[in-house]
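> sequence and predicted structure are below.
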Amino acid sequence: MPQITLLLFAGVRSAWLGEPASQLVELPTSPSPFPLSQLRVHLTRQVQPGNDELARVLERSAWSVDEEMVDEEREDEVLLKGGETVCPIPPVSGG
């Protein structure tokens, strides 16, 4: 099965049930390649089902794939084949 490396930071790491800052996540075999736009649903329904906090954080997060930010309107165009490093970037505030 194709796998991605998922990097977890800030609110996403806090919401993730588990300690490591990176996780290997298996992608579904269908559709293949797997659209980035479907990763939120996959993570919250298949990888960590019932984790409502994770779902809330991912809903507001942007994505980086192989260290490049992905515009929200392009999430359907980015296809994951396996081997990519994917990082959800939660909103931050500061001052």
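Yep, it's here. Residues are numbered from 1 along each chain as shown.
> stretch 27-46 - what's its average pLDDT?
Averaging pLDDT along stretch 27-46 gives 94.
> can you pull the buried residues of that stretch?
Buried residues in stretch 27-46, counted by 16 or more other CB atoms under 10 Å: Leu27, Phe34, Leu36, Ser37, Leu39, Arg40, His42, Leu43, Thr44. C-betas here are computed from N, CA, C, even on glycine.
> pick out whichever of these sits closest to Met69.
Of all the buried residues of stretch 27-46, Leu36 has the smallest distance to Met69: 11.7 Å, by CB to CB.
> any idea how far that closest one is from Gly82?
13 Å (CB to CB, to the nearest Å).
> pLDDT score for Gly94?
Predicted confidence (pLDDT) for Gly94: 60.
> got a list of contacts for the least confident helix or strand in the chain by mean pLDDT?
Using mean pLDDT, DSSP states H and E, helix 10-15 stands out as the lowest-scoring helix or strand of the chain, at a mean of 91. Outside helix 10-15, the residues that touch it by CB atoms under 8 Å, 6 or more residues apart in numbering are Ala21, Asn51, Glu53, Leu54, Arg56, Val57, Leu58, Ser61, Pro88, Pro90, Val92.
> any idea which helix or strand comes after it?
Once the chain leaves helix 10-15, the next helix or strand it forms, by DSSP states H and E, is strand 22-26.
> buried sites along that following strand?
Gln23, Val25.
> what is the neighbour count of Gln48?
As a burial measure, Gln48 scores 20 neighbours (other CB atoms under 10 Å).
> quick one, phi psi at it?
phi -130, psi 70 (degrees, to the nearest 10).
> how near is it to Ala62?
For Gln48, the distance to Ala62 - CB to CB - is 19 Å.
> what packs against the longest helix along the chain?
Longest helix in the chain by number of residues (criterion: DSSP state H): helix 52-60. Helices and strands touching helix 52-60, by 3 or more CB pairs under 8 Å, 6 or more residues apart in numbering; DSSP states H and E, are helix 10-15, helix 39-42.
> residues of the longest one that come out buried?
Taking 16+ other CB under 10 Å as the neighbour-count basis, helix 10-15 is seen to contain the buried residues Gly11, Val12, Arg13, Ala15.
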